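[1] Need a 3D model of the following:
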Amino acid sequence: MIFRKRFIALGLLSALLLWQPKLSAQEERAVIDEVVAIVGGEYVLLSNVEEQYALAASQATEPLPPEARCALLDQLLVSKLLYNQSKVDSIEITTEEVEQQLNARIDRILSYMNDDVNQFEEYYGQSITSVKEQFREDLREQIASDRMRGQVIREVTVTPSEVKNFFAMIPQDSLPYFNSEVEIAEIVHEPKANEATQKATREQLEAIRAQILDEEITFADAAAKYSQDGSRQAGGNLGWAKRGKFVAEFEATAYNLEKGEISDIVQTQFGYHILKLEERRGNSINVSHILLRAEVSEEDMEKARSLMDSIRNLVVTDSITFSYAVKRFGYDKVPSYNNDGRMTNPATGGTIFEVGDLDPDVYFAIDDMEIGDVSEPLSFRSPGGDELLRLIKLQDRSRPHQASLGYDYAKIQEATKQAKQSDYLNDWIDDVLKSTFIYVDERYEGCPNLGPWLENSRSITGGKVTTVGGKE
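    Next comes the predicted model:
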């Protein structure tokens, strides 16, 4: 097998490439692109290879090896093969799904830029709408390729004996050395704005709603001016969505609106909203909203800290258990609430963290703690930007150590599964190549890792194919 251990990098590379600034229109016209490979009905252009090479070079700490372009083309070919097969197998990617992920990526980039649209447009050299238009089909292809890959390997499982055999094959001097790891739990509390502030916020939104109904301002302009979330950049529009995307209170109101109708005020965990139904197609809706949040004052925060201190005292004096405190006092909108307070490592999906992966505030809070200790109240920001409080409990701690089945079975099991998935996918690729049209430009004949592609490559009459304006 030639296609070894390249698939994890593929998704990350594609995701990073997707959001790189593109050539200007004038620069694009000056480039005569070439088709350097064809997989089924999908084309790989020379510019695709060079863009990925430039991206990899910009992120590398050392000069790229001579065979870098070979490896990058290999990854592109795999991606195109998966995408082509997704079409053959009629894997459906809905417009709503593409728009949802597209909006989420735009929102994430904007969050890195403090929601500064001008900075975004200066960086990309075009409007948000133009960026979406440019990358919509690229994202659809990426989603389809990822889904095809998942479908191929979904049945792969590993047995305990396979895990042991995999670990036994690793030379003793090559066993990884794991840093100190911890398991931690939390009780999260959401400070609330006082009643007077909440009333004032609601009254402000009612006044905005009245202006819209009186046609003093359009809904989109009001959202752009007042809404306190990222959707204001799109006039409050949240795009197309099916049932289940929005929180219950929001969704119940949205699905009961007529086209063009503006709702009464709706309160959710995010604040106060008014909604406008833009359009409905069957079970999918396109809705806009205006969101106002009641501001939490410093006095409100002090009351919340005092409550958390009281909860901590109850736990450390064994008056109540930590688990009971999570359910009795915890904020039920965080993932840990339904996991007995245990925090999940987003990088692994498990509950174990390397200490270097912890947020600095958590790291310093547990640095001197013993197993079972509970921290003082700590403030932090939710993904939505709200200030929350939490108590941290150190559940367990391991010291730095060399990998072993006893301490690290879950990690070794996952590594075993990934290796087996890679082998399974490689076998699938070898098989599909035999029934798929493949063309690889002769300039890559010296790439040893492209052996199977080159073996299945078929010549194209007329020589090298070039594209841009249909030229050859």
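[2] And the strands in the stretch 301-450 of the chain?
    Ranges of strands in the stretch 301-450 of the chain, per DSSP state E, counting those that start in this stretch, are 352-354, 378-381, 387-398, 401-402, 438-440.
[3] I'd like these written out as CSV, with mean pLDDT and mean neighbour count added.
    In short, each C-beta sits where N, CA and C put it, glycine included. Shown next, in CSV, are the strands of the stretch 301-450 of the chain (pLDDT from 0 to 100; neighbours: other Cβ atoms under 10 Å):
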stretch, mean pLDDT, mean neighbour count
strand 352-354, 89, 19
strand 378-381, 92, 14
strand 387-398, 94, 19
strand 401-402, 89, 12
strand 438-440, 95, 20
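[4] would you turn those strands into JSON lines with distance to Glu133?
    Shown next, in JSON lines, are the strands of the stretch 301-450 of the chain (distance: least, Cβ to Cβ, whole Å):
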{"stretch": "strand 352-354", "distance to Glu133": "40"}
{"stretch": "strand 378-381", "distance to Glu133": "32"}
{"stretch": "strand 387-398", "distance to Glu133": "36"}
{"stretch": "strand 401-402", "distance to Glu133": "51"}
{"stretch": "strand 438-440", "distance to Glu133": "29"}
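[5] So what sits opposite the residue lying closest to Ser227 once chain neighbours are set aside in the bridge?
    Among residues not flanking Ser227 along the chain, Ile290 sits closest, at 4.6 Å (Cβ to Cβ, 6 or more residues apart in numbering). Taking DSSP bridges as the rule, Ile290 bridges to Ile274.
[6] Test my guess that Ile290 contacts Leu205.
    Yes. Assessed by Cβ atoms under 8 Å, Ile290 is found in contact with Leu205 at 7.0 Å.
[7] Looking at these two, which one has more neighbours?
    Shown here are Ile290 and Leu205; by other Cβ atoms under 10 Å, Ile290 has more neighbours (29 against 21).
[8] Pull the contacting residues for that one.
    205, 208, 219, 222-223, 226-227, 236, 273-274 (Cβ atoms under 8 Å, 6 or more residues apart in numbering).
[9] Let's see that with 10 Å instead.
    205, 208-209, 212, 219-220, 222-229, 231-232, 235-236, 262, 265, 272-276 (Cβ atoms under 10 Å, 6 or more residues apart in numbering).
[10] Put the buried members of these into a ChimeraX selection.
    Listed next is the ChimeraX selection for buried residues among the contacts of Ile290, using 16 or more other Cβ atoms under 10 Å:
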select :205,208,209,212,219,220,222,223,224,226,227,228,229,231,232,235,236,265,272,273,274,275,276
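[11] Next step: the contacts of Ile290 restricted to helices.
    Assigned to helices by DSSP state H, the following of the contacts of Ile290 qualify: 205, 208-209, 212, 219-220, 222-226.
[12] closest to Asn114 among the residues you listed?
    Ala224 (16.9 Å; Cβ to Cβ).
[13] I'd guessed that closest one sits against Ile208; true?
    No. Using Cβ atoms under 10 Å, Ala224 is not in contact with Ile208, being 11.9 Å away.
[14] what residues do the two have in common as contacts?
    217, 290.
[15] buried set for the helix or strand that contains Leu76?
    Assigned by DSSP states H and E, Leu76 belongs to helix 68-88. Buried positions in helix 68-88, judged by neighbour count with 16+ other Cβ under 10 Å: 68-86.
[16] Check stretch 87-103 too.
    Buried residues in stretch 87-103, counted by 16+ other Cβ under 10 Å: 91, 93, 96-100, 102-103.
[17] Any idea how far apart the tips of that stretch sit?
    24 Å (Cα to Cα, to the nearest Å).
[18] Return the distance of the spatially closest residue to Gln198 that is not a sequence neighbour relative to Thr201.
    Nearest residue to Gln198, sequence neighbours excluded (Cβ to Cβ, 6+ apart): Ala294, at 4.4 Å. Going from Ala294 to Thr201 by Cβ to Cβ, to the nearest Å gives 4 Å.
[19] any common contacting residues for these two?
    By Cβ under 10 Å, 6+ apart, the residues touching both Ala294 and Thr201 are 193, 271-272.
[20] out of those, which are inside strands?
    Here DSSP state E is the test, and the shared contacts of Ala294 and Thr201 give 271-272 as lying in strands.
[21] Output the shared contacts of Ala294 and Thr201 as a markdown table; include the columns pLDDT.
    Shown next, in a markdown table, are the shared contacts of Ala294 and Thr201 (pLDDT from 0 to 100):
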| residue | pLDDT |
| --- | --- |
| Ala193 | 93 |
| Gly271 | 92 |
| Tyr272 | 96 |
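[22] Closest one of the shared contacts of Ala294 and Thr201 to Tyr407?
    Among these, Gly271 lies closest to Tyr407 (Cβ to Cβ), at 44.9 Å.
[23] The residue nearest to the closest one when sequence neighbours are not counted: neighbour count?
    Excluding the flanking residues, the one nearest Gly271 by Cβ to Cβ, 6+ apart is Arg293, at 3.8 Å. Other residues lying near Arg293 total 17 when counted by other Cβ under 10 Å.
[24] wait, doesn't Asp423 sit right on Val156?
    Yes. Counting by Cβ under 10 Å, Asp423 does reach Val156; the two are 9.0 Å apart.
[25] Could you list the low-confidence segments of the protein?
    1-32, 384, 459-472 (pLDDT under 70).
[26] Okay, the spatially closest residue to Ile371 that is not a sequence neighbour and Leu358: tell me how far apart.
    Using Cβ to Cβ, 6+ apart and skipping residues adjacent in sequence, the residue nearest Ile371 is Leu394, 5.5 Å away. In this view, Leu394 and Leu358 are 11 Å apart by Cβ to Cβ.
[27] Return the backbone torsion pair for Asn118.
    phi -60, psi -40 (degrees, to the nearest 10).
[28] how long is stretch 422-441 end to end?
    Criterion Cα to Cα; first-to-last residue distance in stretch 422-441 is 26 Å.
[29] That stretch: how far from the chain's middle?
    28 Å (Cα atoms, centre = their mean, to the nearest Å).
[30] List the buried residues for it?
    Buried residues in stretch 422-441, defined by neighbour count with 16+ other Cβ under 10 Å: 422, 425-426, 428-429, 432-433, 436, 438-441.
[31] Looking at those, which one is closest to Leu454?
    Distance to Leu454 across these (Cβ to Cβ) is lowest for Val440, with 5.6 Å.
[32] residue contacts, the residue lying closest to the closest one once chain neighbours are set aside?
    Nearest non-adjacent residue to Val440, counting by Cβ to Cβ, 6+ apart: Ser457, 4.4 Å away. With contact set as Cβ under 10 Å, 6+ apart, Ser457 has these partners: 37-38, 433, 437-442, 444-445, 450.
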